[in-house]
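Enquirer: Fold the following and give me the result.
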Amino acid sequence: MNHVRGGGVDVEWKASGERSALLMSLAASLLFGSQYVVIKDGLGGASPFLFGALTMGIGGTFALLLAFRRGGLDLNIFRRWEVWAGTASATCLIAFQYVGLTLAPASVGGLIVGGNVIFVAPLSALIFREVIGRRRAIGVMVGLFGLFTLTTQWDLSTLNSSEFFGYILLLGASLSIAASYPITKLAVRHMDNYEWVMSFHLLSAVALAALMLLTGGPGETSSMSLPSIIYVGLLCTSVPTILWAIGLGSLSLTTSATVLLSESAFAVLLGAVVRNEPLGPLTLLGAGLMFVAIFMVVRTGAKERRVEK
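Expert: All right, here's what the predicted structure looks like:
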């Protein structure tokens, strides 16, 4: 009886931990989703790389202060390959996303970037040997079909437009996020969450500043919004990333990515309400297909975990 009761307590504690992780991931998703409209309005005529360098620098500094408050900083983390891989992933993400948002609507941008779960499933199978299965594979295919509908509107003439190029850049941002899941999962085994977030944020800020200098300088800095920079730097970079990294410790890659998909819904809602961005039938169809794909991927993963237990 004692053994059974002890097991019950352990299961209850684990379930409670998973619920907390889900809530943290959901909070991170809402904060991430709010950034698209803010970035779109806050950039002005300034270089997207400058905006990215400033926001990542603010976020990294905040995480550094948290790391010192928690007990100091171990500089040996900069010898870990995960830090440099995370820096490359974050730099690509910010560069693709911020430039892409200068060419594409914020609502569609949020949908594309938030659909990264479609690419997380194959990566988790490759690196952590999570089972994909037939239903997950079908879900990935449905998601790609929805992505095609969303970005082309079934008008191939759009392939030559600057807006479509913006979609391609945003797709690159989505792939960069997908790559960051396994990197983060591995990194937090060797360092504190605050150290992890601080390291790639600050290094990415330096890389983005270098990109700014190589691509024509800062641009029209007077048109940038300081409140937007502070908001994105704190509430859309380090804070949600810390919440997400903590939650990821108790969730599978696919489950975490799926929870973060609510980022897309929030981005679409804000884009429509704040910026009056139109949501045509094909946009809604593409978005619907992506949500169906995500539901298929997550539901299949949940069933597989229940079978394993």
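Enquirer: For Ser204, give me its contacts.
Expert: Gly52, Met56, Gly60, Thr87, Ala90, Thr91, Ile94 (C-beta atoms under 8 Å, 6 or more residues apart in numbering). Where you see a C-beta, it was placed from the backbone N, CA and C, and this is true even at glycine.
Enquirer: With Ser199 instead?
Expert: Here Ser199 is in contact with Gly60, Ile77, Phe78, Val83, Gly86, Thr87, Met191 (C-beta under 8 Å, 6+ apart).
Enquirer: on that earlier part again, can you tell me which of the contacts of Ser204 is nearest Val197?
Expert: Gly60 (7.5 Å; C-beta to C-beta).
Enquirer: hang on, the earlier thing: can you redo the contacts of Ser204 as TSV with secondary structure?
Expert: Below are the contacts of Ser204 laid out as TSV (DSSP: H, G, I helix; E, B strand; the rest coil):
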residue	secondary structure
Gly52	helix
Met56	helix
Gly60	helix
Thr87	helix
Ala90	helix
Thr91	helix
Ile94	helix
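Enquirer: Between the residues you listed, which sits nearest Ala21?
Expert: Ala21 lies nearest to Ala90 out of the contacts of Ser204, by C-beta to C-beta, at 21.9 Å.
Enquirer: Would you mind giving the contacts of Ser204 as a markdown table with pLDDT, neighbour count and distance to Leu282 added?
Expert: A markdown table is the format used below for these (pLDDT from 0 to 100; neighbours: other C-beta atoms under 10 Å; distance: C-beta to C-beta, whole Å):
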| residue | pLDDT | neighbour count | distance to Leu282 |
| --- | --- | --- | --- |
| Gly52 | 92 | 30 | 31 |
| Met56 | 94 | 29 | 34 |
| Gly60 | 93 | 24 | 39 |
| Thr87 | 96 | 22 | 37 |
| Ala90 | 94 | 30 | 32 |
| Thr91 | 96 | 24 | 33 |
| Ile94 | 92 | 27 | 29 |
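Enquirer: how about those in TSV, adding distance to Tyr231?
Expert: Output for these, formatted as TSV (distance: C-beta to C-beta, whole Å):
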residue	distance to Tyr231
Gly52	14
Met56	14
Gly60	16
Thr87	23
Ala90	19
Thr91	21
Ile94	15
